Each structure stands twice: as C-alpha cells, then as structure tokens.
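*Asks:* One predicted model, sequence on top.
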Amino acid sequence: MPGHAPAPLCTFSEPETPVTRTLTTEICIIGAGPAGLLLSQMLAQEGISSIVVDRQTRTHIEARIRAGVLEQGTVDALVEAGAGARMMAEGLPHSGFDLAFDGDRHRIDLAGLTGKTVMVYGQTEVTKDLFAQRVADGQTFLFGVDDVVPTDLKERRPVVHLRHEGRSVRIECDYIAGCDGFRGVSRKAIPADVLRTFERVYPFGWLGVLTERPPVSHELIYANHERGFALCSMRSATRSRYYIQCDLSDDVDDWSDDRFWKELCRRIGPETAAELQTGPSFEKSIAPLRSFVAEPMRYGNLFLVGDAAHIVPPTGAKGLNLAVGDVRVLARGLVRRYRSGETDLIDRYSEIALARVWKAERFSWQLSMLMHQFPEHSPFEKKMQRAEFEYIRQSEAASRSMAENYVGLPLEM
Ligand code: RFL
Ligand code: PHB
C-alpha cells in the first residue's frame, strides 16, 4: 500500500541517554563517619563549601557502636568545632585506668603522671552531635550512594562520580577528602605503584557487649588472663561496655549472654566479678584486630583521612583520635590555602599526619602484644608479658610512658 512502510521484522530503540547531574563544590568528602562530618563542620566554620556523600543512611551511621575514649585533643577539637556541648555535659572525664594481670591490678594514674585526662563519650554520640550540627547548618549530604569513583586526581578540578537515587552524579571540586574508612574506595583510587601499605592482622577478635547496667568500676580495666583479654568500659553511669578476646572463627550466635558473662567473670577475677552487674545485652558484635598504614596519605588532590589510611587495634583507644588528628591537620591546611593561597601545609599533610600515626600504631601494637593471649606464644613469651607488666607496675617512668601515649601524643604541625 502506498504511503505505508513495510512493518519492520524487529525494532531497535536507542538506549536512553543517562541523565547526569553535575554538582560543584570546593571539597567533596567521601564518608560521613566522624572524620568526614568533623571535616565538613570545620570547613563550614571558615566558609569553605563541601558535599558529603556516604553509601549508608544517616540512621545506619548513627547506630554504629564503636569507640569510647576521647583524648583531650579530640575533646578540644569538638568543642572548637561547636559540637562539644553535650559531650561536656554528659561525657565522663577519666583520670586513670587499670591494667590487670591474672588478678593483679596496677592503676595508671593519667592525671598524676601527665597532668591530662581522657573523656569517655561514645563515638555514636559524637556522630549524632556532628550530624545535628551539620543538618542545622544546611550541609549538602548524599546518602545511600553507589559506585563512587574519584577521578582526575592530578587535575586542577578532580571529579567524584557516583550513583544516587537511580541517577548518575558527577561532583566537580577542588579537593577530595577520602574519609570512607578501611573498606572505602578512596585508597583504591591511588595507583598501586605509588601506594605502600604496611599491615599486621592479629589472630583473634574482640567480642563486645553493651548492657544497661552500671559499670563494674568507675575506671576502665584492661585485663590479661590465661583465658584471654577482657576490657571493662562504659558509656555512662548506667550503661556498660565489655569486651573479651575471642576466636576469629566465633560467631556472635555462639555467645549467649550467659556464656559471655561467665567468661568475662573468669577473666577479670573473683574480686572484680563480685562487683559486676550483668543484664541483657542490647548490642553484641565481633571486631577483628588489625594494624595497617597506607603511605602517602595524599595523591594529587585526593587526601586520605582516618581509617581510610590507617587502622589500629582498639586496645590503645586510638582509632577515632587519629582520625580527628588527621582532620585537624587537613582542615588547617585547607583554610590556609583558601585564605592566603598558600599550599605549604596541605603539601605537608601526609608527612605531618603519618608522624603521629606511626607513634600511635606503635603504642596500640605494643599494648595489644602485652594484653592478649597469642596462640603461637610459647611459655617464654608469656613470661615476657608478665615481666613487662611487673616493670610497668614498679617503674614510674614505664607507667608515665604508657600514660603519655594513652592521653595522646601532641600533633606537631
Ligand atoms: P568510619 O567511621 O569507618 O566512617 C567511614 C564512612 O565512610 C562510608 N563509606 C563510604 N561512603 C561512600 N562510598 C563508599 N564506597 C564508602 N565506603 C565506606 C561508611 O559508610 C562510613 O560512614 O571512618 P572514620 O570517619 O575514619 O572514623 C574512624 C573510627 O570510626 C574508628 O577509628 C574507631 O571507631 C576505632 N575505635 C576506637 N577509636 C578510638 O579512638 N577509641 C576507642 O575507644 C575505639 N574503640 C574502635 C573501638 C573501633 C572498634 N571497631 C568496631 C573496629 C572499638 C571497636 C570495637
Ligand atoms: C570502648 O569503650 O568501646 C573502648 C574503650 C577503650 C578501648 C577500646 C574500646 O581501648
């Protein structure tokens, strides 16, 4: 029939061109953990714009139970950032902690030996306080993002590509802050021939429990017992946090509350156990222990911050504090760059941050070696642990060295 084209045997349709949304900012921050949130807060205080993206939701991030001990430098940074009011009202200042060895106790008098204290205040609360502040300030967040890829790292305007709510997004910025933790994508964006990594994985994990009961002691107790390590910590006067060393192959479901409390009592000894108030746990999880450092912490216009660059075993309570230390150096460097155009401080970011990181790695490793039972240890190594404990107990210099590291070494900028 004239005017009618023959019906096609099959039809092809052009794929729809994906709509890409482009956003621009000064700093693109990957990761809304404590490092990313604090960085955005410190930059906002100085009028520097940022976009924060995270693969999780805010609710998920706020529910994560992690660190509990803040160094004075971390406390000061949170206060200066305007996010410290609740911490100052509800946090518990601690002037010492106990080391216990098969029932023998030795108190490390932090205040007496260093003139400094630490603050017991949960990372969960730090995160909530920072979120509240950033949301009130109108911070741009993209939650639930996927396929995050930082590119053009050596260009003047690097780009972060990602997917958000089904659309592809490109974020053009001056600098990218990789605050996306140990399993994030930022570190992987650095070419393998540039990045050097150093790692030690420990042959056990920590099984942690939270319970709505007053703490067994008003200060933390780190215990080494022949059955393994135990830690008595807290979140408040009515909420306790306990950990025990466990096998890496253990599953949380293997550990009923009853089994956990029995094991903890054995490891902390009868005197302390007599004071323990047990109750139902409302959080129970197993964390592996690892020491890890990636060098350098900068590649082009990408900076690695916090757990994205380094991991410590939790024994020294250093992870969050190191992340905050990195943020302080980077924020100061970026403020200088935007105020005066000088890049000297951001150029030294990696060097300054790593100098402190390695010292905290050493301390966390040393305390972990002292306080845990290692499957490969012979009776000789066990004697060495005991001898070291006795030395710390008898020597004020050794106790002071431990105290100085625990309250946090200075950040040399
Ligand atoms: P985080 O907290 O892991 O946050 C990273 C964020 O990045 C997001 N993310 C991504 N976003 C977009 N795209 C991707 N591809 C992404 N991949 C990841 C994640 O969703 C997340 O929101 O890293 P940050 O900010 O560097 O903070 C580090 C701290 O969380 C960590 O060092 C501490 O929790 C370590 N830690 C402790 N630190 C202390 O200072 N004192 C302590 O007493 C202490 N106790 C602990 C601890 C860690 C523990 N665990 C569970 C390992 C006790 C434990 C048991
Ligand atoms: C904690 O309360 O979660 C905590 C305290 C001290 C540590 C590690 C974790 O060394």
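*Replies:* Received it, and whenever you're ready, just let me know what you need. Ligands and ions are numbered 1, 2, ... in the order given.

*Asks:* how about Ser236, what does it touch?
*Replies:* For Ser236, the contacting residues are Glu90, Leu92, by Cβ atoms under 8 Å, 6 or more residues apart in numbering. (C-beta placed from N, C-alpha, C; glycine too.)

*Asks:* Over to it. Which of the three states is it?
*Replies:* With DSSP: H, G, I helix; E, B strand; the rest coil as the basis, Ser236 sits in coil.

*Asks:* Against Leu92, how distant is it?
*Replies:* 7 Å (Cβ to Cβ, to the nearest Å).

*Asks:* How about Gly122?
*Replies:* For Gly122, the distance to Leu92 - Cβ to Cβ - is 10 Å.

*Asks:* and what of Val75?
*Replies:* In terms of Cβ to Cβ, Val75 sits 12 Å off from Leu92.

*Asks:* The two: which is more packed in?
*Replies:* Val75 (22 against 17; other Cβ atoms under 10 Å).

*Asks:* Just give the nearest non-adjacent residue to the more buried one, would you?
*Replies:* In space, Val75 comes closest to Met119 once its chain neighbours are excluded; the distance is 5.0 Å by Cβ to Cβ, 6 or more residues apart in numbering.

*Asks:* and whatever helix or strand the one you found lives in, what does it pack onto?
*Replies:* Assessed by DSSP states H and E, Met119 sits inside strand 118-120. Strand 118-120 is packed against strand 69-70, helix 72-80, strand 92-94, with contacts defined by 3 or more Cβ pairs under 8 Å, 6 or more residues apart in numbering; DSSP states H and E.

*Asks:* Turn those into JSON lines, including distance to Ala398.
*Replies:* Listed next are the helices and strands packed on strand 118-120 as JSON lines, based on distance: least, Cβ to Cβ, whole Å:
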{"stretch": "strand 69-70", "distance to Ala398": "21"}
{"stretch": "helix 72-80", "distance to Ala398": "22"}
{"stretch": "strand 92-94", "distance to Ala398": "20"}
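
*Asks:* Now do whichever residue of the stretch 251-400 of the chain sits closest to ligand 2 against Cys28, distance only.
*Replies:* Nearest residue of the stretch 251-400 of the chain to ligand 2: Ala317, at 3.5 Å (Cβ to the nearest ligand atom). Ala317 is 30 Å from Cys28, where distance means Cβ to Cβ.

*Asks:* cool, Phe141 as well?
*Replies:* Taking Cβ to Cβ, one finds Phe141 at 12 Å from Cys28.

*Asks:* Next, show the common contact partners of these two.
*Replies:* Common neighbours of Phe141 and Cys28 (Cβ under 8 Å, 6+ apart) are Ile51, Val53.

*Asks:* and those two? which has more neighbours close in?
*Replies:* Cys28 (28 against 19).

*Asks:* Just the pLDDT for the more buried one.
*Replies:* The model reports Cys28 with a pLDDT of 98.

*Asks:* Which helix or which strand is home to it?
*Replies:* strand 27-30.

*Asks:* who touches that strand?
*Replies:* Around strand 27-30, the neighbours that count as contacts under Cβ under 8 Å, 6+ apart are 36, 39-40, 43, 48-54, 148, 150, 158, 160, 171, 173-180, 184-186, 334.

*Asks:* let's go with 6 Å and repeat that
*Replies:* Strand 27-30 has contacts (Cβ atoms under 6 Å, 6 or more residues apart in numbering) with 36, 39-40, 50-53, 160, 171, 173, 175-180, 186.

*Asks:* go on, stretch 35-42?
*Replies:* Applying Cβ under 6 Å, 6+ apart, the external contacts of stretch 35-42 come out as 29, 50, 52, 81, 130, 133-134, 139, 177, 179, 305-306, 323, 327, 331.

*Asks:* where's the closest residue to ligand 2 within the stretch 51-200 of the chain relative to Cys179, distance?
*Replies:* Nearest residue of the stretch 51-200 of the chain to ligand 2 (Cβ to the nearest ligand atom) works out as Gly68 at 2.5 Å. Using Cβ to Cβ, we find Gly68 at a distance of 20 Å from Cys179.

*Asks:* Pick out whichever of these two has more residues nearby.
*Replies:* More neighbours surround Cys179 than the other of Gly68 and Cys179, with 32 against 24 (other Cβ under 10 Å).

*Asks:* next one: phi and psi at the more buried one?
*Replies:* In terms of degrees, to the nearest 10, the main-chain angles of Cys179 are phi -110, psi 40.

*Asks:* which bits of the chain sit near ligand 1?
*Replies:* The chain comes close to ligand 1 at residues 30-36, 53-56, 61, 66-69, 123, 145, 148, 179-181, 183-185, 206, 208, 287, 306-307, 314, 317-321, 323, as judged by Cβ under 6 Å from any ligand atom.

*Asks:* Distance of the residue in the stretch 1-150 of the chain positioned nearest to ligand 1 relative to ligand 2?
*Replies:* Residue nearest to ligand 1 within the stretch 1-150 of the chain (Cβ to the nearest ligand atom): Gly33, separated by 2.1 Å. Going from Gly33 to ligand 2 by Cβ to the nearest ligand atom, to the nearest Å gives 15 Å.
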